[in-house]
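Novice: Got a predicted structure here, sequence first:
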Amino acid sequence: MRVLKINCRRPALKNIKIAAQSIRKGKLVAFPTETVYGLGADALNAAAVSKIFKAKGRPLNDPLIVHIADKEDIFRLSKDVPGEAAELMKIFWPGPLTLVLKKSGIVPDIVSSGLDTVAVRMPSNPIAFNLIKYALTPVAAPSANLFGRPSPTCAQHVIDDLEGKIDILIDGGKTDIGVESTVIDMTHKPFRVLRPGGISVKELKDALGEIEINSVNDNIICSPGMLKHHYSPQARLLLFERSGEQIKEMRKMALEFKKQGKKVGIMTTSENQKEFRGFKIKAIGSEDDLKTCAFNLFSVLRSFDTEKTDIIIAGGIETTGLGLAVMDRLRRASSKRC
């Protein structure tokens with residue numbers, strides 16, 4: 001695996017063009033977006049896309065997001081782009097919003113897992129944007145990690161999971177947001193948020209009016225990020241939903257596992273760290289700073305695994321703004337919700 005280190009603020013086009021040429025040749029390139037690192041291949045080359053599924057160990061029934069650098073490409077990829085979708089593109093693109101639309105005939109079935117829809121977004125990260133631009137093709141790209149693991153937010157996470165499995169890794173430093181894009185189904189009304197992410201539900205409601213929100217318990221997979229169990233660390237993750245008894249119940253369970261000789265880690269907000277003295281504690285951020293909580297989420301989960309933690313006991317946070325995306329990931333990553 002060749003590693004190309006590129007400054008996201010001043011991206012070197014020479015190295016980006018090297019990676020783009022690899023995409024055109026049907027190879028796999030991992031690259032930073034504003035959300036998480038993606039694992040990219042030519043979206044119109046079914047053989048190249050199949051390498052993504054093999055490298056990640058991803059099931060073929062889990063569709064991919066197609067990334068573009070020209071808004072006009074959406075009219076090639078989709079045969080039905082409603083006016084509301086075009087309006088969202090004006091407001092939020094480039095950025096962390098994925099639109100699910102009826103696909104056109106140029107989209108290989110492997111990209112959409114045989115569905116009649118395609119998920120499309122335009123990333124704002126300069127490295128990602130220019131990689132797609134110079135690849136001269138839409139780029140299919142799920143997160144650049146082994147299937148089911150926490151998503152990668154820095155190059156080392158990609159190396160940990162995929163070294164020897166891909167051709168090029170662009171090291172562009174840490175990603176800005178830390179959780180994946182928001183996915184919204186635009187194929188019927190009311191429009192439905194299938195996965196909360198970098199664009200809040202409130203922002204979408206302000207733009208569209210009435211929208212629905214998919215439940216984490218829904219078992220139908222009609223876009224990326226909808227699997228019931230996903231983003232999981234190697235340690236067993238127990239999630240305590242936000243409540244008046246949350247801290248008390250977390251401490252009680254932590255003590256029980258500690259008596260059993262288990263290595264217990266506590267994931268909480270900075271305000272609650274003092275409540276768990278005697279345990280290994282990692283704070284994802286302040287309750288008043290959900291952006292930081294999202295930024296730190298996956299790296300904290302991965303750090304517990306690096307330290308060979310047996311049990312992670314996590315406390316829930318408010319489900320407003322980015323907090324909804326954080327809780328969505330924790331609910332899918334947990335083996336038990338308390």
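Specialist: Happy to help now that I have it. Numbering: from 1, shown residues only.
Novice: Give me the phi and psi for the residue of the chain positioned farthest from its centre.
Specialist: Centroid-distance maximum for the chain: Lys259 at 35.5 Å, with C-alpha atoms, centre = their mean. Taking degrees, to the nearest 10, you get phi -60, psi -30 for the backbone angles of Lys259.
Novice: how close does it get to Glu318?
Specialist: As judged by C-beta to C-beta, to the nearest Å, Lys259 and Glu318 stand 32 Å apart. All C-beta atoms are positioned from the backbone trio N, CA, C, and that covers glycine.
Novice: So His157: helix, strand or coil?
Specialist: helix (DSSP: H, G, I helix; E, B strand; the rest coil).
Novice: how close does the closest residue to Lys174 other than its chain neighbours sit to Arg76?
Specialist: In space, and not counting its chain neighbours, Lys174 is closest to Cys154: 4.9 Å by C-beta to C-beta, 6 or more residues apart in numbering. Using C-beta to C-beta, Cys154 is found at 33 Å from Arg76.
Novice: quick one: which of the two has more around it?
Specialist: Comparing Cys154 with Arg76 by other C-beta atoms under 10 Å, the one with more neighbours is Cys154, at 19 against 14.
Novice: ok, now which ones touch that one?
Specialist: 37, 173-175, 299 (C-beta atoms under 8 Å, 6 or more residues apart in numbering).
Novice: Between those residues, which sits nearest Ile110?
Specialist: Closest approach to Ile110 among those (C-beta to C-beta): Tyr37, at 21.3 Å.
Novice: Test my guess that the closest one contacts Ala141.
Specialist: No. Using C-beta atoms under 8 Å, Tyr37 makes no contact with Ala141, being 9.1 Å away.
Novice: can you list residues touching both of the two?
Specialist: Phe31.
Novice: Count the residues that sit near Val66.
Specialist: Counted with other C-beta under 10 Å, Val66 comes out at 27.
Novice: Could you say whether it sits in a helix, a strand or coil?
Specialist: Relying on three-state DSSP, one would call Val66 strand.
Novice: Show the pLDDT at it.
Specialist: On the pLDDT scale, Val66 is placed at 98.
Novice: ok, it to Leu77 distance?
Specialist: Taken as C-beta to C-beta, the span from Val66 to Leu77 is 6 Å.
Novice: any shared contact partners between these two?
Specialist: Listed as contacting both Val66 and Leu77 by C-beta under 8 Å, 6+ apart are 107, 118, 120, 138.
Novice: Might you report the residue contacts of the last one?
Specialist: Same thing as Pro138. For Pro138, the contacting residues are 42-44, 66-68, 73, 77, 120, 132, by C-beta under 8 Å, 6+ apart.
Novice: Report pLDDT for it.
Specialist: 98.
Novice: which phi and psi does the closest residue to it other than its chain neighbours have?
Specialist: In space, and not counting its chain neighbours, Pro138 is closest to Ala43: 4.2 Å by C-beta to C-beta, 6+ apart. Main-chain torsions, Ala43, degrees, to the nearest 10: phi -70, psi -20.
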